[in-house]
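Colleague: No sequence on hand, only this structure:
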């Protein structure tokens, strides 16, 4: 708990009371000593009563004006809202700001960079502008680079404009005034003046500067520059975040020596084009020389690392004491009540998702993708966190391999095999994957699985060898009267083998093990040619043709005999609706009385991540693609009854060449 925090902002309080900082006349010894001491504090930090704040924090509190919400008395209305207004003043001391500025200094001392995920309305643009201004004002020959994907985050109302306003305030009210004769543009300010010597202009002064640049369509925008500080504003909006970051790193690194600091910021609710890159970097900071912090926020993530996170309940207006300490429990209770109200009153489930993304309690919530995603991301995230916290993905799923035996295909657990549990996967990961069984196949008295009880939904990868795309196959148990629970994923194989034949061999073994026909996207892949070569066409689902009276959508056959084409936006869009409805299909309540849906029967972490992050316009979502294809095949099977196998229909008959 912080006490006596007003001691850290005495200069600002003096200015607010008197309208000036130093009462000594300009040019006097007192004036010089005052501003020399303040400059030292802005560079080296300041301590009071054994409590330390960094130089950037000291500058922010005392020489950087912001628009701050001042709350008034509570209004007695049905929502118990408080009145407030924005005023131009100096920042208050907040414990969350202290935490951030200390982390920034620690990163600088260790030669690390920082990635920051945060809730909305936490004043980080002001803090970034203040750090940039302090760099410009306190250190000679520095170059600060402000980066954004779109210039709207820079000027005329973005961070670069804030920096310019700060510079003007320093020129008018402090002893650190600096001319900008050489460069003084909207996107570029340089502290220097021209002195004529021997009739020629010579640039003199601090020669520190701040420049704003955009990276849209150009990840190399900063290449060749030599920077002291680089700030990526709203990094989650970058379509090319990783490539931009990696291309810019040499600006602040010289071999193994870090010569400057890069800080990447992302705001919950504003993560769009670069959301996947931002999340990947946030959860793997060490790989990018980013400062790593213990992940104490995400449920089930204890013991793992992440970037710096600033939750919505930290420094929440109206929930801090007079010393700037966050009243965390009260803030969480208020936010929890607000979320419950949104759940209860909002007709569109996307409203709840959007709110959680903008005011997240944990990093996972800030990565909710609200645009171009019909799926119930809020519920999916809650379930994903539950699966992680209780280790259900490991306890309920057994990894192994399928092997041929004298009595058909058998499943053999193998703890040396690792299913792919991350999305997106890292290029360095082993992506061969493993068969995962969540529920063994039901066998009737004859020892066979009934026909039509299981279906495999499959999305192939396109070419042999390396690549980003994965093959994805899920076994779904259809609703039936023989075996419960049903209407759920019971097994999977997701991976990329060196050769497609190797993948297809696993796929067809999975079909034989569950007596499940394969529904697949027939626009690409080698499923049909493989089935022809090895006389396995009887394991393929017939080509889909559906006419849905409710939706008025007809999926016409294209004469391919097997599988389903997803070549049109109409087909894909309708499949997304079917998938959303399947995920939200109700299936009773749990022991605590909470409504359960089909999505609560999914224990594949990477699939849950894909569903949460899914974007219908762009991105590689192999697992979701297999479900989308499967939705049409499930519709096509809607009226087909699960029935016991007629042993007179042996495999030898179905393998005959004339059926090919």
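Modeller: Cool, got the structure. Small disclaimer: the values here were computed from a predicted structure and weren't measured. Numbers count the residues shown, from 1 in each chain.

Colleague: Okay, now the unreliable bits of this structure?
Modeller: Within the chain, the stretches with pLDDT under 70 are 71-84, 271-274, 300, 349, 369-372, 462-467, 546-560, 644-660.

Colleague: mind giving me the domain ranges of it?
Modeller: According to the domain assignment given by automatic domain parsing, the chain is divided into the following structural domains: 93-310, 388-642.

Colleague: could you dump those domains to CSV with distance to residue 45 and mean neighbour count?
Modeller: C-beta coordinates here come from the backbone N, C-alpha and C atoms, glycine included. Conversion of those to CSV gives the following (distance: least, C-beta to C-beta, whole Å; neighbours: other C-beta atoms under 10 Å):
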stretch, distance to residue 45, mean neighbour count
domain 93-310, 8, 19
domain 388-642, 38, 18
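
Colleague: could I get those domains as a markdown table with distance to residue 13?
Modeller: Below are the domains of the chain laid out as a markdown table (distance: least, C-beta to C-beta, whole Å):
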| stretch | distance to residue 13 |
| --- | --- |
| domain 93-310 | 11 |
| domain 388-642 | 46 |
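
Colleague: closest to residue 51 out of the ones you listed?
Modeller: For the domains of the chain, distance to residue 51 was read as C-beta to C-beta. The smallest value, 9.0 Å, belongs to domain 93-310.

Colleague: what about the closest one, how long is it end to end?
Modeller: In terms of C-alpha to C-alpha, to the nearest Å, the two terminal residues of domain 93-310 are separated by 16 Å.

Colleague: mind checking how far stretch 428-444 is from the chain centre?
Modeller: 27 Å (C-alpha atoms, centre = their mean, to the nearest Å).

Colleague: I misspoke; the intended subject was stretch 434-450.
Modeller: For stretch 434-450, the gap between its own C-alpha mean and the chain's C-alpha mean amounts to 37 Å (C-alpha atoms, centre = their mean).

Colleague: all numbers from here: first residue = 398
Modeller: Sure thing, new numbering starts at 398, so read that last one as stretch 831-847.

Colleague: pretty sure residue 854 is touching residue 918, no?
Modeller: No - counting by C-beta atoms under 8 Å, residue 854 sits too far from residue 918 to count as a contact (9.5 Å).

Colleague: Between those two, which contacts overlap?
Modeller: For the pair residue 854 and residue 918, residues contacting each of them under the criterion C-beta atoms under 8 Å, 6 or more residues apart in numbering are residue 1026.

Colleague: in the stretch 948-1057 of the chain, which spans are helices?
Modeller: Under the criterion DSSP state H, counting those that start in this stretch, helices of the stretch 948-1057 of the chain are mapped to 966-980, 1002-1010, 1019-1033, 1048-1051.

Colleague: and the gap between residue 818 and residue 837?
Modeller: Here residue 818 is placed at a distance of 21 Å from residue 837 (C-beta to C-beta, to the nearest Å).

Colleague: And for residue 1023?
Modeller: 21 Å.

Colleague: Check residue 995 too.
Modeller: Distance, residue 995 to residue 837, by C-beta to C-beta: 20 Å.

Colleague: And what about residue 706, helix, strand or coil?
Modeller: When states are read from DSSP: H, G, I helix; E, B strand; the rest coil, the local structure at residue 706 comes out as strand.

Colleague: shouldn't it be in contact with residue 695?
Modeller: No - because the distance of 9.1 Å does not satisfy C-beta under 8 Å, residue 706 is recorded as not touching residue 695.

Colleague: Quick one: end-to-end distance for stretch 716-732.
Modeller: Stretch 716-732 has an end-to-end distance of 11 Å (C-alpha to C-alpha).

Colleague: So what's the gap between it and the chain middle?
Modeller: The chain centroid and the centroid of stretch 716-732 are separated by 26 Å under C-alpha atoms, centre = their mean.

Colleague: What residues of that stretch count as buried?
Modeller: Buried residues in stretch 716-732, counting neighbours by 16 or more other C-beta atoms under 10 Å, are found at 716-717, 721-723, 728-729, 731-732.

Colleague: picking that back up, and for residue 706 and residue 695, which residues touch both?
Modeller: Shared contacts of residue 706 and residue 695, defined by C-beta under 8 Å, 6+ apart, comprise 759-760.

Colleague: returning to that earlier point: mind checking which of the domains of the chain is nearest residue 446?
Modeller: Closest among these, once you apply C-beta to C-beta, is domain 490-707, at 13.3 Å.

Colleague: Against residue 908, how distant is the closest residue to residue 913 other than its chain neighbours?
Modeller: Nearest in space to residue 913, with sequence neighbours left out and distances taken as C-beta to C-beta, 6 or more residues apart in numbering, is residue 851 at 3.6 Å. When distance is defined by C-beta to C-beta, residue 851 is 9 Å away from residue 908.

Colleague: just residue 523 next, same as before
Modeller: 59 Å.

Colleague: ditto for residue 658
Modeller: Relative to residue 908, and taking C-beta to C-beta, residue 658 is found at 54 Å.
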